[in-house]
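> With the input below, show me the fold.
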Amino acid sequence: MNSDQWANIQTLCRDQAAFEQVQQILGGQIQTLEQAHAIAQDQVERQQTLFRVISRLRQALDLETLFKTTAAEVRQLLKADRVGMFRFHPDTNWNDGEFVSEDVDPEFDSAIAQPIHDHCFGDQFAIHYQAGRVQNVPDIHDAGLSDCHIKILAQFQVRANLVIPLLQGDHLWGLLCIHQCRAPRQWQRSEIDFVQQIADHLAVALQQTELMAELRAEIAERQQAEQHAQDLNQGLQKAILELSAVNRELESFSYSVSHDLRAPLRGIDGFSQALLEDCKDQLDATGQDYLRRIRTATQRMGQLIDDLLTLSRVTRSDMHRKEVDLSRIASRLCTEFQQMDPDRIVECTIAPHLIGPGDARLLQVVLDNLLNNAWKFTANQPQANIEFGRSSKKTRCQGTLSAIMGLVLIWPF
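Below is the predicted model:
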């Protein structure tokens, strides 16, 4: 209240004593109102600062910019000498770290990027800060701090200290530090609550930063996977083209070989037939039998050439699936083997009615190879037994047979 207002009140009073009494009463009320106004003004300024911090969070600013602007506003509002964000180095058990952002009065040294090591922090204090502990130190020399702790604070000229944990989810990321360097300071409850609110909102920013980092890593991983898939597709297309070229070359080679083989086979078969027809009377029974065997072998070799050509085209042509009588094919093959080698004593046991879906020509090639192997591998036996049948018990040999046949049919029994 100014002097003119007091003069007006004095004229309304009966005497000087009444005026002094009124002045005393109003003066106390005015002082109380002025204090309440100052407190309300501080609260408004703090709320405005919080609002600006929240607005920056919504703008998705980078962490460095958010820290820098927040530190400047908090220092100005609290009239502190230094406000800094301290970050612990990963994998050091909270014993090592450095200030990554600060706003400091020019009268005092900067704490940015100065390495700090506290060998007892991780073991004794980290768990408490992770649970939300706030350190409120009005005077570092009168707070029962350890000598090593005082030494760390003294290197930054700290006299009073207010420390709030910065959490990234449940993990202690760092500390929000408010330093008074000129003199000790009694921190008010409202100031502590305000700084705690600031730290809570910074924790949101830290969590968003972690989520964004994970999202970027996932995007990068997916992009890498997509690039890898594209590379594989390009490699596959190249391999397909190369395989097509190889198949064409193989087909050309197969036709060339088959043509070169068929000519002498036709000569052998033709001259054998001519001998049987023109010189039959000059040959005894053994000679005629030999010629018949030669003709059978050449005809079978011609069939094998045809089968090889069929196999060479199997990757390019569709299979002709139908019901195939495997027992009949096996019986015919065993008969051919016995005709070609009549001196051997071999008992062929062929189970009847083994019928399944598949390509008849390819199945014949498979059975021809399998039974021919059996015929050759029993050549030293005085009496051999070759059996073709079906069994519910799966042996190694049958597993191999199934694997080979699986290339040309789905085995149904």
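
> what ranges of the stretch 201-350 of the chain fall below the confidence cut-off?
Residues of the stretch 201-350 of the chain meeting the criterion pLDDT under 70: 310-318.

> Which residue ranges of it form strands?
321-325, 346-350 (DSSP state E, counting those that start in this stretch).

> Now tabulate those strands in JSON lines and tack on mean neighbour count and distance to Ala274.
The way it works is simple: take the backbone N, C-alpha and C, and place the C-beta from them, glycine included. Converted to JSON lines, those look like this (neighbours: other CB atoms under 10 Å; distance: least, CB to CB, whole Å):
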{"stretch": "strand 321-325", "mean neighbour count": "14", "distance to Ala274": "36"}
{"stretch": "strand 346-350", "mean neighbour count": "15", "distance to Ala274": "32"}
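
> of all those, which lies closest to Gln76?
strand 321-325 (85.8 Å; CB to CB).

> So in that sheet, which strands flank the closest one, and in what orientation?
Strands adjacent to strand 321-325 in the sheet, as given by DSSP bridges, are strand 355-359 (antiparallel).

> buried ones in the partner strand?
Neighbour-count burial for strand 355-359 flags 356, 358-359 (criterion: 16 or more other CB atoms under 10 Å).

> out of those residues, who's nearest Arg262?
Asp359 (23.3 Å).

> will you turn the strands of the stretch 201-350 of the chain into JSON lines that also has distance to Lys376?
Formatted as JSON lines, the strands of the stretch 201-350 of the chain follow (distance: least, CB to CB, whole Å):
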{"stretch": "strand 321-325", "distance to Lys376": "24"}
{"stretch": "strand 346-350", "distance to Lys376": "11"}
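
> so which of those comes closest to Cys279?
Closest of the strands of the stretch 201-350 of the chain to Cys279 is strand 346-350, at 31.9 Å (criterion: CB to CB).

> Quick one: distance of that closest one to the chain centre.
Strand 346-350 has its C-alpha centroid displaced from the chain centroid by 58 Å (CA atoms, centre = their mean, to the nearest Å).

> which ones are touching the closest residue in space to His119 that isn't next to it in sequence?
In this structure, His119 finds its nearest non-sequential neighbour in Asn95, 5.7 Å apart by CB to CB, 6 or more residues apart in numbering. Shown in contact with Asn95 (CB atoms under 8 Å, 6 or more residues apart in numbering): 117-122.

> now for the helix or strand hosting Leu66, which elements pack on it?
Assessed by DSSP states H and E, Leu66 sits inside helix 63-78. With contacts defined as 3 or more CB pairs under 8 Å, 6 or more residues apart in numbering; DSSP states H and E, helix 63-78 has these neighbours: helix 16-58, strand 82-88, strand 96-104, strand 171-180, helix 189-278.

> List just the one of those that sits closest to Asp368.
Of all the helices and strands packed on helix 63-78, helix 189-278 sits nearest to Asp368, with 17.0 Å by CB to CB.

> Can you spell out which helices and strands pack onto the closest one?
Helix 189-278 packs on helix 16-58, helix 63-78, strand 160-168, strand 171-180, helix 285-312, going by 3+ CB pairs under 8 Å, 6+ apart.

> Parallel or antiparallel, which strands does the third one pair with?
Sheet partners assigned to strand 160-168 using DSSP bridges are listed as strand 135-137 (antiparallel), strand 171-180 (antiparallel).

> which of the contacts of Asn95 tops the neighbour count?
The most crowded member of the contacts of Asn95, judged by other CB atoms under 10 Å, is Phe121 (22 neighbours).

> so what's it up against?
94-95 are the contacts of Phe121 under CB under 8 Å, 6+ apart.

> And it, what's its pLDDT?
Note on Phe121: pLDDT of 86.

> for the one 5 residues further on, same thing?
pLDDT, Ala126: 89.

> Neighbours of it, how many?
19.

> residue contacts, it?
93-94, 172.

> Where does the prediction get shaky in the stretch 1-150 of the chain?
Ranges of the stretch 1-150 of the chain meeting pLDDT under 70: 1-15, 17-30, 33-44, 46-61.

> and Ala379, which of the three is it?
Of the three states, Ala379 takes coil according to DSSP: H, G, I helix; E, B strand; the rest coil.

> so it makes contact with Asp343?
No. Contact between Ala379 and Asp343 fails when scored by CB atoms under 8 Å: they sit 10.9 Å apart.

> Would you mind giving the domain segments of this structure?
What automatic domain parsing lists as the domains of the chain is 3-40, 60-187, 319-413.

> gap between the last one and the chain center?
When C-alpha coordinates are averaged (CA atoms, centre = their mean), domain 319-413 and its chain have centres 49 Å apart.

> Repeat that for stretch 274-289.
The answer for stretch 274-289 is 78 Å, by CA atoms, centre = their mean.

> What is the end-to-end distance of it?
Terminal residues of stretch 274-289 are spaced 14 Å apart (CA to CA, to the nearest Å).

> Report the buried residues of that stretch.
For stretch 274-289, by 16+ other CB under 10 Å, it's 275-276.

> Please apply the same query to stretch 370-382.
370-371, 374-375.

> go on, stretch 181-188?
Buried, per 16+ other CB under 10 Å, within stretch 181-188: 181, 185, 187.

> Tell me who's in contact with the first one.
Residues touching Cys181, when contacts are defined by CB under 8 Å, 6+ apart, comprise 81-82, 105, 107-108, 156-159.

> TSV for these, including distance to Val74 and neighbour count?
Putting the contacts of Cys181 into TSV (distance: CB to CB, whole Å; neighbours: other CB atoms under 10 Å) gives the following:
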residue	distance to Val74	neighbour count
Asp81	12	23
Arg82	10	24
Asp105	13	13
Glu107	18	9
Phe108	16	15
Phe156	17	22
Gln157	19	17
Val158	16	21
Arg159	18	19
